[in-house]
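Engineer: got a predicted structure plus its sequence, pasted below:
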Amino acid sequence: MNGRRVVVSGMGAITPIGNNVSEFWNGIKNGVCGIDKITLFDTTNHKVKLAAEVKNFDAEGLLGKKEARRMDRFIQFAICASREAMKDSNLNVEEIDATRFGVIIGSGIGGLETMERECEVLMQKGPERISPYVIPMMIGNMACGNVSIEVGAKGYSSSVVTACASGTHALGDAFRLIRDGYQDVMLCGGSEAAIVPVGVAGFANMKALTTSEDKKRASIPFDKERSGFVIGEGAGLLIIEELEHAKKRNAKIYAEIVGYGASSDAYHITSPLPDGSGAAKAMQEAIAEAGITPDDVDYINAHGTSTPLNDKYETVAIKKVFGEDTKVSVSSTKGNTGHLLGAAGGIEAIICVKAIEDEYIPATIGYQVPDEECDLDIVPNVGRNKKLNYVLSNSLGFGGHNSCVLFKKYEE
């Protein structure tokens, strides 16, 4: 589909392996694992002991005590990531049409920490003790709402809730708004902070989380011994804009977005389609929109959650698009970061952009035992230097949501 060209001109990240894009990307390249024992709550009575927490995050120091206390952790992450993205893009809202500057931030769960805490207050102390800020701290759109206020964006403002596909859907929807002429600049991605007792217990009791206590063998995508994902938290946001708009203000252009695909499995609330056709459809749409063939794709950042079903069926989906004997490089960086749920697509989009910029394919770390049902080139344990022209990012969410964004090395 023809339309205006859309480029990436800024990025911001709060992650389990670094609280800015530079630290985060260096952690990816150096094989850093951000998984460790949960410190955010007492896990004595919990089966799951590990998570990928954001570390050394001083919300009050970054946001001020008053503001920090009025924001759930997922909103705090989004605000800090947005500040970095704005600074990185050198975007001055006073010098652009703010009504054509929008925000879309996805979150799978929203303010779960606030919800859990205030339910305890209600039960123990009664309704009069509930915080008057509980609703604007809890509802899922408030990362987007607060960021819009923070950056002065007066254009399209929305929040996507498609579980683990939220961040990629946010990016793809923002891409289309610019491509089709509705907006000139978008701040988009995902934010999540669900490492709280009810979140961990809920995922654990549905058998989605690993109970491994070995942080090096907990999140092991495509490994035969994988037993579930490791929950993570953080935010990944990107500034994307129409090419001429970016050039006019002499913005740095990191990469171009050239394709987006989205589909629904319409199959099961948690399991992907066994034949991979839903995820395959999303990839096919992104590739077709770019006007290329699967053979042109150099690297796929897979959803790769380390759950038995996801990795198996995502392999099937990739083969459906790229061929049974495909040699395309595929890796999952969730061994580094855990699974950031609604924020996964945001940080993984940043990984794709940095991979193109640095000509480097990240590894799937922690891999030891090959799985004959996941027999892709998963770049085990050691990354590779390679020139990358086209890079695909996959995100698949509970409910059967599939989303895929295709990035291209920028050329005039």
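Structural biologist: Okay, I see it. Numbers count the residues shown, from 1 in each chain.
Engineer: what separation do you get for the closest residue to Ile139 other than its chain neighbours and Asn389?
Structural biologist: Of all residues not flanking Ile139 in the chain, Gly110 sits nearest, at 6.0 Å (CB to CB, 6 or more residues apart in numbering). (C-beta placed from N, C-alpha, C; glycine too.) Going from Gly110 to Asn389 by CB to CB, to the nearest Å gives 37 Å.
Engineer: repeat for Asn381
Structural biologist: Going from Asn381 to Asn389 by CB to CB gives 25 Å.
Engineer: which one of Gly110 and Asn389 is surrounded by more residues?
Structural biologist: A count of neighbours by other CB atoms under 10 Å puts Gly110 above the other of Gly110 and Asn389, at 25 against 14.
Engineer: surely that one touches Met71?
Structural biologist: No: Gly110 lies out of contact with Met71 (CB atoms under 8 Å); the separation is 11.9 Å.
Engineer: find the nearest non-adjacent residue to Glu289, please.
Structural biologist: Gly259 (4.0 Å).
Engineer: now the one you found: how far from Phe322?
Structural biologist: 15 Å.
Engineer: that older thread, mutual contacts of Gly110 and Met71, please.
Structural biologist: Listed as contacting both Gly110 and Met71 by CB atoms under 8 Å, 6 or more residues apart in numbering are Met142.
Engineer: circling back: what helices or strands is the helix or strand where the residue nearest to Glu289 lies leaning on?
Structural biologist: Using DSSP states H and E, Gly259 sits in strand 255-264. The helices and strands touching strand 255-264, judged by 3 or more CB pairs under 8 Å, 6 or more residues apart in numbering; DSSP states H and E, are strand 6-14, helix 166-179, helix 277-290, helix 344-358, strand 401-408.
Engineer: would you turn these into a markdown table with distance to Tyr367 and mean neighbour count?
Structural biologist: As requested, those are exported to a markdown table (distance: least, CB to CB, whole Å; neighbours: other CB atoms under 10 Å):
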| stretch | distance to Tyr367 | mean neighbour count |
| --- | --- | --- |
| strand 6-14 | 24 | 27 |
| helix 166-179 | 24 | 28 |
| helix 277-290 | 21 | 23 |
| helix 344-358 | 17 | 27 |
| strand 401-408 | 23 | 28 |
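Engineer: could I get those as CSV with mean pLDDT and distance to Ser395?
Structural biologist: Formatted as CSV, those follow (pLDDT from 0 to 100; distance: least, CB to CB, whole Å):
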stretch, mean pLDDT, distance to Ser395
strand 6-14, 98, 16
helix 166-179, 98, 4
helix 277-290, 98, 9
helix 344-358, 98, 4
strand 401-408, 98, 5
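Engineer: ok, which of the ones you listed comes nearest Ile149?
Structural biologist: strand 6-14 (16.4 Å; CB to CB).
Engineer: after the closest one, next one along is what?
Structural biologist: Immediately after strand 6-14, counting by DSSP H and E, sits helix 21-29.
Engineer: with Lys49 as the reference, name the closest of the helices and strands packed on strand 255-264.
Structural biologist: For Lys49, the closest of the helices and strands packed on strand 255-264 is helix 344-358, at 21.5 Å, according to CB to CB.
Engineer: pull up the pairing partners for the following helix or strand past that closest one, direction included.
Structural biologist: Of the helices and strands lying after helix 344-358 in sequence (DSSP H and E), the nearest is strand 360-361. Sheet pairing for strand 360-361, assigned by DSSP bridges, gives strand 384-385 (antiparallel).
Engineer: can you list the helices and strands packed on strand 255-264 in a markdown table and add distance to Ile253?
Structural biologist: A markdown table is the format used below for those (distance: least, CB to CB, whole Å):
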| stretch | distance to Ile253 |
| --- | --- |
| strand 6-14 | 5 |
| helix 166-179 | 14 |
| helix 277-290 | 17 |
| helix 344-358 | 10 |
| strand 401-408 | 11 |
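Engineer: show me the one of those that comes nearest Glu94.
Structural biologist: strand 6-14 (16.5 Å).
Engineer: output the closest one in PDB with nothing but the alpha carbons.
Structural biologist: Taking C-alpha atoms only, strand 6-14 is exported to PDB below (Å, rounded to 0.1, in the frame of the first residue of the first chain):
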ATOM      1  CA  VAL A   6       7.500   6.800   8.200                       C
ATOM      2  CA  VAL A   7      10.800   6.800  10.100                       C
ATOM      3  CA  VAL A   8      12.100   6.300  13.600                       C
ATOM      4  CA  SER A   9      13.700   9.400  15.000                       C
ATOM      5  CA  GLY A  10      13.900   8.800  18.800                       C
ATOM      6  CA  MET A  11      13.800   6.100  21.400                       C
ATOM      7  CA  GLY A  12      13.500   5.700  25.200                       C
ATOM      8  CA  ALA A  13      13.600   2.600  27.400                       C
ATOM      9  CA  ILE A  14      13.300   1.500  31.000                       C
END
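Engineer: ok, it: who's next to it in the sheet?
Structural biologist: Note on strand 6-14: by DSSP bridges, its sheet partners are strand 234-242 (antiparallel), strand 255-264 (antiparallel).
Engineer: which one of those is the most hemmed in?
Structural biologist: With neighbours defined as mean count of other CB atoms under 10 Å, these peak in mean count at strand 234-242, which reaches a mean of 32.
Engineer: can you tell me the average pLDDT over it?
Structural biologist: Across strand 234-242, pLDDT averages out at 98.
Engineer: quick one: name whatever helix or strand follows that strand.
Structural biologist: Where DSSP H and E defines the elements, the next helix or strand beyond strand 234-242 is helix 243-248.
Engineer: buried stuff in that following helix?
Structural biologist: Of all the residues in helix 243-248, those buried under the rule 16 or more other CB atoms under 10 Å are 243, 245-246.
Engineer: what does stretch 261-274 give?
Structural biologist: Within stretch 261-274, the residues scored as buried using 16+ other CB under 10 Å are 261-265, 270, 272-273.
Engineer: just the residues you listed now: which is nearest Thr39?
Structural biologist: Using CB to CB, the buried residues of stretch 261-274 come closest to Thr39 at Thr270, 28.1 Å.
Engineer: re the thing from before, the residue nearest to Glu289 contacts Ala288, correct?
Structural biologist: Yes: in this structure Gly259 lies within contact range of Ala288 using CB under 8 Å: 7.4 Å.
Engineer: that older thread, what is the nearest of the buried residues of stretch 261-274 to Asn146?
Structural biologist: Ala262 (26.0 Å).
Engineer: chain neighbours aside, what residue packs nearest to the closest one?
Structural biologist: Ser403 (4.9 Å).
Engineer: that'll do, ta.
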